[in-house]
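> Fold the stuff below for me.
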Amino acid sequence: MNKFYTTYGFYSKYPVADAGYGSYNNYIFCEQQGMEKYMKFPMFKKETTDKKYHEEPFRAVNFPIGEDGNMRCPNGKNFYLQYRKNVKGNKYGRQEEVYQCEDCSGCPYAKQCKKTDKNRTVRINRELTAMHQEVIENLESIQGALLRMNRSIQAEGTFGIMKNDRWYKRIVRRGIKSVLLEVFLVSIGHNLYKYHNKQKKLQLPHRSS
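Take a look at the predicted model:
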């Protein structure tokens, strides 16, 4: 995005990308630069296509919040805040809140809800959860669907031509410099191919209607 800004003088309003780019750091960066959140997060597909997973009652994000502000499990037990923990590698001070159930003994849902004999603990980052919901709403809107479709046509089409039409399916050089050189050469070749086709089309006589 910074290279895009250097080239064009502004940031893209609606950046779309693969799920690997939907991180807390990138979402905060988008907010700071006035960009909308259209980047999938790692569990986006499962969250939006797997109804059973989305509505799973034992997921902490689905635990109801009582009038007293406490989070409760399906068995009605309160979860109390234990501590806040900084997330490693986060650039914006993201913290997770760690909650623990008041008492899991005798719980009829224990086997479904937890994996240990201790009271269950969960990690929650409500800000990130809210961001994920915003991303889902954006990407499932009409505009989001059009942006995803356009990205698929533009980016995946190029990879498809290189891999299937040109049979370039594996990098053969070793070392980061050699790999970069190889990818640059392949990219230059693809751009020259597009340029050549463009020139041929411009040279064709125009048909009158």
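> Secondary structure element for Arg151, which one?
Element membership of Arg151 [criterion: DSSP states H and E] is helix 142-151.
> oh, I was asking about Arg84
According to DSSP H and E, Arg84 maps onto strand 78-86.
> Against which helices or strands is that strand packed?
In terms of contacts (3 or more CB pairs under 8 Å, 6 or more residues apart in numbering; DSSP states H and E), strand 78-86 is packed against strand 71-72, strand 95-101, strand 121-124. The way it works is simple: take the backbone N, C-alpha and C, and place the C-beta from them, glycine included.
> in the protein, which segments are predicted with low confidence?
For the chain, residues meeting the criterion pLDDT under 70 lie at 155, 206-209.
> now the helices for this structure?
2-8, 24-32, 44-49, 51-54, 110-113, 126-139, 142-151, 157-160, 176-203 (DSSP state H).
> Quick check: which of the ones you listed is nearest to Asp68?
The minimum distance between Asp68 and these falls on helix 126-139, with 16.8 Å, by CB to CB.
> Which secondary structure elements does the closest one sit against?
helix 24-32, strand 38-39, helix 44-49, helix 142-151.
> among these, which is the most enclosed?
Burial of the helices and strands packed on helix 126-139 is given as mean neighbour count (mean count of other CB atoms under 10 Å); strand 38-39 ranks first at a mean of 23.
> Okay, now the sheet partners of that one, with direction.
Using DSSP bridges, the strands paired with strand 38-39 in its sheet are strand 16-17 (parallel).
> who's in contact with the residue positioned nearest the centre of the chain?
The centroid of the chain falls nearest to Phe41 when counting by CA atoms, centre = their mean (2.2 Å). Contacts for Phe41 were tallied using CB atoms under 8 Å, 6 or more residues apart in numbering; they are Ala19, Gly22, Ser23, Glu47, His132, Val135.
> Was I right to think Asp103 contacts Asn119?
Yes: in this structure Asp103 lies within contact range of Asn119 using CB atoms under 8 Å: 6.6 Å.
> which one of these two has more residues nearby?
Counted by other CB atoms under 10 Å, Asp103 and Asn119 do not tie: Asn119 has more neighbours, with 15 against 11.
> how near is that one to Asp165?
Noted for Asn119: a distance of 58 Å to Asp165, by CB to CB, to the nearest Å.
> Show me what Val16 is bridged to.
Here Val16 sits in beta bridges with Tyr38, going by DSSP bridges.
> Much appreciated, bye for now.
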